[in-house]
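Student: what would the 3D arrangement of this be:
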Amino acid sequence: MCGIAGVIHRDGTANIGAELTEMLQAMKHRGPDSTGYAVYGPDDDLVVIRFVLAEPSNSTGFGMEERLARNRLEVEARLAKIGAEVATVTSETGYAFRAKVRYSGELKPLADYLEDVPGCEVLSVGNSLEIIKDLGDAATVSEQYGLGSFHGTHGIGHVRMATESQVDLASAHPYWAYPFADVAVVHNGQLTNYHQWRRRLEQSGHRFQSECDSEIIAVYLAEQLTAGVSLETAMKESLDDFDGVFTYVCVTSNQLGIAKDEMAAKPLVLFESDDLVAVATEEVSIRTLVKREVETRDPYEREVLVWQV
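Tutor: Next up, the predicted model:
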């Protein structure tokens, strides 16, 4: 099952958090186990780091509050040691945190250093990207993290039904393209040559936080972007390199792109106007955003489309 959604405003910012929440909640029936967002606010000279220090199920109990507080202080100390000037560190849940830092170094040593702290998992790093994900439906996660007031230019989301792995944050989507700033992916389907590509990318020095093939797509695309390849070209090449049945949505700091494999068996509906593009697994999701009679279409097989802010 699962459901994916994306929206991009080409004429400025909008309430991206509220829009994606409505779109994802309309597809709750496709995945009530966890919900995730990758949202893009205005570019900032500060780096935003989203990280968790425990799974929700492990965040309470004897001594856990003290342990989380101690590990949070360790994260802040490590940020200072690696040369990141901490502006703010906040938390909505006690186990999930948002840090804003001034940092000009490489992201990989930063993320690796933080993840050496017990229980720490870095969800995203970027000047505009923030990945927020948790257990429950979109309305629950949005209220928990205050996403109803998040304004930005574009974003993607995912509702998950756990069929092959646990109901936990590590298995929840979207996935950041570790360690590339501001690149994330959601996808519906399966890559049958997942293990082949994982080995290739690991041999190139990449490491992965999950067993999810969405993360493979994200790192594959980000690696090409870093080499100077355009997002559209990288996505087209992915259709030759990846085997399986899949539809995915990729976002960068200023672009949103969609791709469908040659069988086009995984659904995706598209609405486009002069100032707005919305995509989703089901049309009912788009109709929560565009509250009037609209024309939508299904992208064709092997179709790649990219829009820019």
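Student: report the central residue of this protein.
Tutor: Centroid-nearest residue in the chain: residue 174, 3.2 Å away (criterion: CA atoms, centre = their mean).
Student: that one contacts residue 156, correct?
Tutor: Yes: applying CB atoms under 8 Å, one finds residue 174 in contact with residue 156, separated by 5.9 Å. No exception for glycine: its C-beta is placed from N, CA and C like everyone else's.
Student: quickly list what's touching both of the two.
Tutor: 37, 38, 184, 185, 186 (CB atoms under 8 Å, 6 or more residues apart in numbering).
Student: what segments of the chain are helices?
Tutor: For the chain, the helices defined by DSSP state H occupy 16-25, 64-81, 107-115, 138-145, 194-203, 213-226, 231-241, 283-289.
Student: what about residue 305, how many residues nearby?
Tutor: Residues lying near residue 305 (other CB atoms under 10 Å) number 17.
Student: check contacts around it.
Tutor: Residue 305 makes contacts with 257, 258, 270, 299, as judged by CB under 8 Å, 6+ apart.
Student: can you pull the pLDDT of it?
Tutor: Per-residue confidence (pLDDT) for residue 305: 98.
Student: shift numbering so it begins at 29
Tutor: Sure, I'll start counting at 29 from here, so that last one is residue 333.
Student: next one: it from residue 288, what distance?
Tutor: To residue 288, residue 333 is 10 Å away according to CB to CB, to the nearest Å.
Student: find residues that contact each of these two.
Tutor: Taking CB under 8 Å, 6+ apart as the contact rule, residue 333 and residue 288 both touch residue 327.
Student: from residue 244, how far out is the residue lying closest to residue 296 once chain neighbours are set aside?
Tutor: Among residues not flanking residue 296 along the chain, residue 275 sits closest, at 4.8 Å (CB to CB, 6 or more residues apart in numbering). According to CB to CB, residue 275 and residue 244 sit 15 Å apart.
Student: the two: who's more crowded?
Tutor: Taking residue 275 and residue 244 together and counting by other CB under 10 Å, residue 244 has the greater number of neighbours (28 against 22).
Student: for that one, which residues are in contact?
Tutor: By CB under 8 Å, 6+ apart, the contact list for residue 244 reads 219, 222, 225, 226, 229, 236.
Student: so for residue 120, what's the pLDDT?
Tutor: For residue 120, pLDDT reads 90.
Student: that one: how many residues sit nearby?
Tutor: Neighbours of residue 120 (other CB under 10 Å): 15.
Student: show me the shaky parts of the stretch 179-328 of the chain.
Tutor: In the predicted model of the stretch 179-328 of the chain, residues 191-193 satisfy pLDDT under 70.
Student: could you do the stretch 29-178 of the chain as well?
Tutor: Those would be none, if you go by pLDDT under 70 across the stretch 29-178 of the chain.
Student: where do the strands sit along it?
Tutor: Taking DSSP state E, counting those that start in this stretch as the criterion, the stretch 29-178 of the chain contains strands spanning 31-37, 62-68, 75-80, 113-119, 124-130, 149-154, 157-163.
Student: so who does residue 246 touch?
Tutor: Contacts of residue 246 (CB under 8 Å, 6+ apart): 202, 203, 204, 205, 211, 212, 213, 278.
Student: buried subset of the residues you listed?
Tutor: Taking 16 or more other CB atoms under 10 Å as the criterion, what is buried in the contacts of residue 246 is 202, 203, 204, 205, 211, 212, 213, 278.
Student: taking the residues you listed one by one, which sit in strands?
Tutor: Taking DSSP state E, the ones among the buried ones among the contacts of residue 246 that sit in strands are 203, 204, 212, 213, 278.
Student: list the contacts of the third one.
Tutor: So the one you mean is residue 212. Counting by CB under 8 Å, 6+ apart, residue 212 has contacts 66, 152, 157, 159, 184, 202, 203, 204, 205, 246, 278, 279.
Student: any idea how far it is from residue 279?
Tutor: Remark: distance between residue 212 and residue 279 (CB to CB) = 5 Å.
Student: name the residues contacting each of those two.
Tutor: When contacts are counted by CB under 8 Å, 6+ apart, residue 212 and residue 279 are jointly contacted by 66, 157, 184.
Student: which one among those residues gets closest to residue 197?
Tutor: Each of these was checked against residue 197 using CB to CB; the closest is residue 66, at 14.3 Å.
Student: wait, that closest one sits on residue 280?
Tutor: No: with contact defined as CB under 8 Å, residue 66 does not reach residue 280; the gap is 10.4 Å.
Student: higher neighbour count, these two?
Tutor: residue 66 (33 against 25).
Student: distance of the closest residue in space to the more buried one that isn't next to it in sequence relative to residue 164?
Tutor: Nearest residue to residue 66, sequence neighbours excluded (CB to CB, 6+ apart): residue 212, at 3.9 Å. To residue 164, residue 212 is 20 Å away according to CB to CB.
Student: just residue 330 next, same as before
Tutor: Distance, residue 330 to residue 164, using CB to CB: 35 Å.
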